[in-house]
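**Student:** Okay, structure incoming, though there's no sequence with it:
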């Protein structure tokens, strides 16, 4: 590791982060505990681990870190908490493929929100990518899967999660240079409270506690730490491209292990969404690279 360049270090972090994240949706399907109880324990484990890590790493500086986030940090916390609820609902109410393909369009919603809130111009490339993604999402939400899992309510929850997550990351730009990890740790309380209100305050079914611990205490914090650190070493566009691996491969993993066939329209629509994002990011990455000195 000591001989690695910064680029290799960033690529390794992003790839390992995605590999860690990949089994998350499979474990979700293997758990028999009801949705609200699952939501409480999954988010609870994640929140506890993040707070312990923050206390150990920041110590007495942590209260100052939290105060420095201000209103953007509060907005980020609320947005990510709602996004977490939406993700759980989406996975429960529709297919993994539909959920991940819709969530993949999150950077496009962020571009739209930045245009509305900050007046940032949407270029031709981004506009065409948004149009292609909307076509792909339209195709996949009108399809039927073999198991009859896909439902418009889950697709709508995924869309809401994608939008709220994009809102959170846009708000984070109002606090440049500030770590949003404390706000992310605080956001875990929102799905916990929501699950309690919905009647999920109970112990998980026998055998599910270990899976919930892996999902909440290991997969979520570790993958987030690696993926969020990678942009320090490589462009965020490259990180976005690597993250699309999870969008493309996780539904295949769920199909292989659990037998959840997303259906042909979901595959077609998802392919359009992912392809549009890949092409757009590759073009953006090529333009961002400095021309060789000469």
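**Tutor:** Noted; the coordinates are in hand. Bear in mind that the values here come from a model prediction, so they are computed numbers and not experimental data.

**Student:** Against residue 90, how distant is residue 84?
**Tutor:** Look at residue 84 and residue 90: by C-beta to C-beta, to the nearest Å, they are 11 Å apart. Every C-beta, even on glycine, is put in place using the N, C-alpha and C of the backbone.

**Student:** err, residue 40, not the other one
**Tutor:** On the measure of C-beta to C-beta, residue 40 and residue 90 end up 17 Å apart.

**Student:** And for residue 200?
**Tutor:** Distance of residue 200 to residue 90, given as C-beta to C-beta: 17 Å.

**Student:** ditto for residue 184
**Tutor:** As judged by C-beta to C-beta, residue 184 and residue 90 stand 19 Å apart.

**Student:** Now the one helix or strand residue 220 maps to: average pLDDT?
**Tutor:** Residue 220 is part of helix 220-229 when elements are defined by DSSP states H and E. Mean pLDDT, computed over helix 220-229, is 86.

**Student:** before we move on, what about stretch 156-173?
**Tutor:** Per-region confidence: stretch 156-173 scores 89 on mean pLDDT.

**Student:** Buried residues of that stretch, list them for me.
**Tutor:** Judged by neighbour count (16 or more other C-beta atoms under 10 Å), stretch 156-173 contains these buried residues: 156-172.

**Student:** swap in stretch 17-29?
**Tutor:** By neighbour count on 16+ other C-beta under 10 Å, the buried set for stretch 17-29 is 17-18, 20-29.

**Student:** Inside helices: which ones of these?
**Tutor:** 17-18, 20-21, 24-29 (DSSP state H).

**Student:** just these now: which is nearest residue 132?
**Tutor:** For those, the closest approach to residue 132 (C-beta to C-beta) belongs to residue 18, at 23.0 Å.

**Student:** I'd guessed the closest one sits against residue 245; true?
**Tutor:** Yes: at 5.2 Å, residue 18 counts as touching residue 245 under the criterion of C-beta atoms under 8 Å.

**Student:** residues in contact with residue 139?
**Tutor:** Applying C-beta atoms under 8 Å, 6 or more residues apart in numbering to residue 139 gives the contacts 265, 268-269, 272.

**Student:** Just give the number of residues close to residue 201.
**Tutor:** 12 (other C-beta atoms under 10 Å).
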